[in-house]
Structures are given as structure tokens and as C-alpha cells.
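Chemist: Curious how this folds, go ahead:
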Amino acid sequence: MRRTKIIATLGPSTDQPGMLERLVNCGVDLFRINYSHQSHADHERRFQAARSLKGMGAEIGIIADLQGPKIRLERFLTDKVYLEDNSSFTLDTSLDKNAGDRSHVGVTYKNLTREVSAGDRLLVDDGRIVLEVKDIEGNEVHCRVVMGGELSGKKGINLQGGGLAAGALTRKDQNDLAHAVAHGADYLAVSFVRSVDDIREARRLLSAAGSSAGIIAKLERAEALKNAEAIVEASDAIMIARGDLGVEIGDAALPPVQKRLIKMARDMDRAVITATQMMESMIDHQIPLRAEIFDVANAVFDGTDALMLSGETSVGKYPDKVVQTMARVCEETEKQRVTRVSDHRINQRFERIDEAIAMSAMYAANHVGAKAIAALTETGSTTLWMSRISSGIPVFAFTRHMDTMRRVHLYRGVYPIHFDITHTDPLQANAQIVDELMRRKIVHPNDYVIITKGDLSGHRGGTNNMKIVQAGQDTGSTA
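Modeler: The predicted structure is shown next:
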């Protein structure tokens, strides 16, 4: 069973009849709805379509991705302009939003003049255009074109090295958050996070809206790296958004940063998503570049929980083929021993009994040759802790909660199964769990299965029992 999860972004290409079903059949674990594009009506239609589908017998999880304070150019009078090297070009915060030309253009961020200084470099369109700030005059930022080229409207702007102070949650984001909550988003991705305060604000807004959705911190600002540990701790998961992050810190710095963030998230018991241009060439082509295959494989080697496809599925020509390709690369990479060994928290103290049980179960499973681990769980926390241990043994989250089933889709090597312990005779629970795994042909007679659960069925945080049983044998009733 493939352990690394695949996230597909929804868009015009996935609106084709039958495409969502094909994506699930090809291996998609979660869908992403990108609030940077299109209308609430479009998003509502996709929420409804996605909710009708099931993967591994459970509804597919949905990530609502907020736009955040993406700082962009306004539009030009013509479709495009060409900026010559060493020419002058002005960013004007007061210019009409459709009045740009070869000499100047408006910008969406009105505080730009107060946050840049002479000598700063502004990177436009993912760094394809480089502007050096010469001076600031009123509402105008006068620049020299260091690296020119063709430029169209609405392209993003980054300050090299970071430092722009735009808050992570705009008024648009707050409206989009309310829409996402109303339609049952399982995760909320917060864009352009700067500090832990951005996560706390998102958590407050979710709570006020009555949602328990998980929060994914998108790390794409240079200053976020300085506060990474606090941001990771405050979040439920992180996304390494390599596009804007690479622009701000430089492409050469990205690989070690990606490895460090994946390790940090796993060490802190948080899920991690690797995103941006994973298989970008497959937007237009049916096979990926070899470099993209290595990129996917290296993220799997590093221990990422999930890989995210953006334009490849939302606007690409071959959404189902790119998912098939990514799944195949993941499966082949996961056959390598390095993806199955772990020293996670081997020298650390466990402060919680349920976490100690989770770690003990993984240790036992790896040493008795268990074929599966079954965790009775209310919130999914036990399976998240288990998934931090690199192992080839699948972990099954037996839960009665649909929201928990959808959320654990994100965790590496964890698969949800609906099981209502409150309607089950506790004395027969072990046998029913093993019977379900045998029915699904996950285990066979005499295979070892590890079962974890709590004394008080249906209570959160109560996992305190572990039992090793053999499929097809008397499983007994006690742990």
C-alpha cells in the first residue's frame, strides 16, 4: 500500500465529467480547493462533487487554501509589456489598476513605499523580472530593471530576503474562511505565514466559526523560517510552498531548507506537505522530466507525509496521468529500506500515556513482523504519532467520526476505517477489528496484528492498551 499521500488541486481540468472519480481511482487522498482563483460558486460546486467520493472506503479530505496577502502588480493597458535591462520602471501605489505601461504600473499593496528602501531587490513573476529600488518618492517606488523580459499584469512581487509586513489573513481570506467552514473543509491552509500570531488568529477565527478544521501553515516567507519551530508547534501541519519561498531565499537554499522543515515537522509530531512544481512539465506533457521524478522521490526519502499537485491537476491536460505517475514513483521509492527505518524520539521521554502506547505499538509491530496496526481512535492523534515512525507496516485508524476519517488521509501510512466502538460489544471489538482487516484482505490467517485502544471506549485521549493478536485465532477480550 502506498504510504505517501497525494493531494490534487481542483480546477477547470478536474471539472470534466468523471475526472474526480478517475483521480481517486488513480490514488488521490485529498483534494485542495484554491481560494486564489475563481468564485465561491465554483468552490461550492467542487466541495459538493468531492464529498460524493470515497477513497479507502472513507470520504476524501478537503483542504481549503486561502490566498493570503499575495502582493501583485495591477494590470497594463496592453496585454503585455517588455522591460529592457537597465531601463527605469516605477511601481505606483496610487496608479489606476488598469493603467500600467512600459514605464510604470500599479501594485495591490499600498504600504509598499513604507517597507522598501534604496538598494532592495524586488522579484517579480517568481523572479523572472528583477527590479532594484533606486528611491521612493510619495506613492512611487522608482526602480532599475536588473533583469528584464516580458511582463503581464497580476504577477506576484517578493522582496528578496523577505520583510514585507502584510498580515497573513486579509479581509478576503476571512470571507473565504467562513465559506470553507460552511462547506465542511477538513483543513485550512494559511498562506504567507510570518509568525505564530498568524496561526493563532486563524485558530481563533475557526473556533468562532464553530470549526475544528486542522490548520496548515504554508511556509513561503523568509521570515517564517526564523520562527519555524513556533509556527510548526502551533499548527496541525505545514506546507513547504517552494515557489514564493524559493524566490525570497534563493533557489540554491531550498533543498536543505526543505529537508530541515520535513525533519522538524516529523520530530514535532506534525504532518508535512511538499508542494509546488512537483511535476510541472505534465501540465502539457504526458511524461515528467527525470528531474521531477528525482524531486518526488527525494521528498519521499525525506519523510514527507504528502505531495501536492497544483496546476498539474487544476489546469493541466492530463490530471489522472500525473496522479498515476506520482503514485508509481512513490511506490517504487517506498520499497527502499531507508524509508522503513527510524530513530524517531528513541532517546526522548513520552509525557503522555497514549503517545507511549503509539510508540510501543510501532516498535512491537516492527519486531514481531506484524502485517497491520489497528488503532481505535477518536481524534486520530494515536495514528499521527505512529506515522512519525518510518515503517512499511500500514496503520489503520478505526474511528466512528467522519471528520477524523477525512483528516487522517493526510498522515503518511495511515488509512481510515469506519468503526463505531460505542455500538460494538467491547468484548468482541478485537475480533471484529481483525475480521474487518481479513475481509479487506489486508491480513490473512496467522498474521500478527497490533491493536491499540482505551479502557473507556469513545473517550478522547484515552488510549492505554496494546495487544498482539493472530488473525484467525482467538483474539480474546482484554488488552
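Chemist: Only C-alpha atoms from now on, for both contacts and neighbour counts.
Modeler: OK.
Chemist: What ranges in the stretch 251-400 of the chain fall below the confidence cut-off?
Modeler: The model of the stretch 251-400 of the chain has pLDDT under 70 over residues 340-351.
Chemist: As a check, name the ranges of all strands in it.
Modeler: Ranges of strands in the stretch 251-400 of the chain, per DSSP state E, counting those that start in this stretch, are 271-275, 306-309, 372-376, 395-399.
Chemist: what packs against the second one?
Modeler: Same thing as strand 306-309. Packing contacts for strand 306-309, counted by 3 or more C-alpha pairs under 8 Å, 6 or more residues apart in numbering; DSSP states H and E, involve strand 5-9, strand 271-275.
Chemist: who does the helix or strand that the first one is followed by touch, helix- and strand-wise?
Modeler: It stands for strand 5-9. As assigned by DSSP states H and E, the chain's next helix or strand after strand 5-9 is helix 19-26. Here helix 19-26 touches strand 54-55, helix 319-333, going by 3+ C-alpha pairs under 8 Å, 6+ apart.
Chemist: returning to that earlier point: quick one: the helices and strands packed on strand 306-309 as a markdown table, columns for mean neighbour count and distance to G184 too.
Modeler: Converted to a markdown table, the helices and strands packed on strand 306-309 look like this (neighbours: other C-alpha atoms under 10 Å; distance: least, C-alpha to C-alpha, whole Å):
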| stretch | mean neighbour count | distance to G184 |
| --- | --- | --- |
| strand 5-9 | 26 | 17 |
| strand 271-275 | 26 | 20 |
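Chemist: Of all residues in this structure, which one is nearest the centre?
Modeler: For the chain, I273 is the residue whose C-alpha lies nearest the centre (C-alpha atoms, centre = their mean; 3.9 Å).
Chemist: tell me how far stretch 408-415 is from the chain's mean position?
Modeler: The chain centre lies 12 Å from the centre of stretch 408-415; the measure is C-alpha atoms, centre = their mean, to the nearest Å.
Chemist: any residues touching that stretch, and which ones?
Modeler: Applying C-alpha atoms under 8 Å, 6 or more residues apart in numbering, the external contacts of stretch 408-415 come out as 2-5, 29-30, 56, 60-61, 271, 304-306, 380, 383-384, 387-388, 392-397, 416.
Chemist: try 7 Å
Modeler: Residues outside stretch 408-415 that contact it (C-alpha atoms under 7 Å, 6 or more residues apart in numbering): 3-5, 29-30, 61, 271, 305-306, 380, 383-384, 387, 394-397, 416.
Chemist: again with stretch 364-378
Modeler: Identification of contacts with stretch 364-378 by C-alpha under 7 Å, 6+ apart yields 383, 393-399, 401, 443, 447-453, 458-460.
Chemist: again, only using 8 Å
Modeler: Contacts for stretch 364-378 (C-alpha under 8 Å, 6+ apart): 361, 382-383, 391, 393-401, 404, 433, 442-443, 447-454, 458-461, 463.
Chemist: Backbone dihedrals for the nearest residue to E292 once chain neighbours are set aside, please?
Modeler: Leaving aside its sequence neighbours, E292 sits nearest to M279 (C-alpha to C-alpha, 6 or more residues apart in numbering; 5.5 Å). Per-residue torsions, M279: phi -140, psi 50 (degrees, to the nearest 10).
Chemist: so what's M279 up against?
Modeler: Going by C-alpha under 8 Å, 6+ apart, M279 touches P288, L289, E292, I293, L309, E312, V322.
Chemist: picking up where we left off before, among the contacts of stretch 364-378, name the ones in helices.
Modeler: Here DSSP state H is the test, and the contacts of stretch 364-378 give A361, T382, T383, T404, I433 as lying in helices.
Chemist: Could you check how far the third one is from K335?
Modeler: When C-alpha to C-alpha, to the nearest Å is applied, the distance between T383 and K335 equals 22 Å.
Chemist: by contact count, what packs against the helix or strand where I63 lies?
Modeler: Assessed by DSSP H and E, I63 sits inside strand 61-65. In terms of contacts (3+ C-alpha pairs under 8 Å, 6+ apart), strand 61-65 is packed against strand 30-34, strand 187-190, helix 402-407.
Chemist: right, and the helix or strand after that strand?
Modeler: Taking DSSP H and E, what comes next after strand 61-65 is strand 80-83.
Chemist: Partner strands of whichever helix or strand comes after that following strand and their direction?
Modeler: Downstream of strand 80-83, the first helix or strand assigned by DSSP H and E is strand 88-92. Each strand paired with strand 88-92, and its direction, by DSSP bridges: strand 104-106 (parallel), strand 140-147 (antiparallel).
Chemist: Deepest-packed of those, please.
Modeler: strand 104-106 (a mean of 24; mean count of other C-alpha atoms under 10 Å).
Chemist: Other residues contacting that strand?
Modeler: 73-76, 89-100.
Chemist: Most neighbours among those residues, please name it.
Modeler: D92 (27 neighbours; other C-alpha atoms under 10 Å).
Chemist: got a pLDDT number for it?
Modeler: If you check D92, the pLDDT there is 97.
Chemist: Could you do I7 as well?
Modeler: I7 carries a pLDDT value of 98.
Chemist: hey, what's it bridged with?
Modeler: Per DSSP bridges, the residues bridged to I7 are L30, M308.
Chemist: My guess is it contacts R32. True?
Modeler: Yes: using C-alpha atoms under 8 Å, I7 is in contact with R32, at 6.6 Å.
Chemist: Now which of the contacts of stretch 408-415 would you call buried?
Modeler: 3-5, 29-30, 61, 271, 305-306, 380, 383-384, 387, 394-397, 416 (16 or more other C-alpha atoms under 10 Å).
Chemist: and V300, how many residues sit next to it?
Modeler: 24.
Chemist: I meant to write H40 there.
Modeler: 14.
Chemist: Could you pull up phi and psi at it?
Modeler: H40 adopts backbone torsions of phi -60, psi -30, taken as degrees, to the nearest 10.
Chemist: Pull the contacting residues for it.
Modeler: Contacts for H40 (C-alpha under 8 Å, 6+ apart) come out as D176, H179.
Chemist: Please determine how far it is located from A208.
Modeler: 21 Å.
Chemist: which SSE is I216 in?
Modeler: For I216, the host element (DSSP H and E) is strand 214-219.
Chemist: Okay, and A49 sits in which element?
Modeler: helix 40-51.
Chemist: Give the buried residues for that helix.
Modeler: Under 16+ other C-alpha under 10 Å, the buried positions of helix 40-51 are H43, E44, R46, F47, A50, R51.
Chemist: out of those residues, what pair is the most spread apart?
Modeler: Farthest-apart pair in the buried residues of helix 40-51 is H43 and R51; separation 12.2 Å (C-alpha to C-alpha).
Chemist: Give me the domain ranges for this protein.
Modeler: Per the record, the chain has its domains at 5-69+168-335, 80-159, 353-470, by automatic domain parsing.
Chemist: So what would you say the end-to-end distance of the longest one is?
Modeler: With C-alpha to C-alpha applied, domain 5-69+168-335 spans 15 Å between its terminal residues.
Chemist: so F76 bridges to which residues?
Modeler: On the basis of DSSP bridges, F76 is bridged to G100.
Chemist: er, T90 actually
Modeler: Counting by DSSP bridges, T90 is bridged to H104, H142.
Chemist: if I look at it, how far off is G303?
Modeler: T90 is 44 Å from G303, by C-alpha to C-alpha.
Chemist: Please list only the buried members of the ones in helices among the contacts of stretch 364-378.
Modeler: Buried among the ones in helices among the contacts of stretch 364-378 by 16+ other C-alpha under 10 Å: A361, T382, T383, T404, I433.
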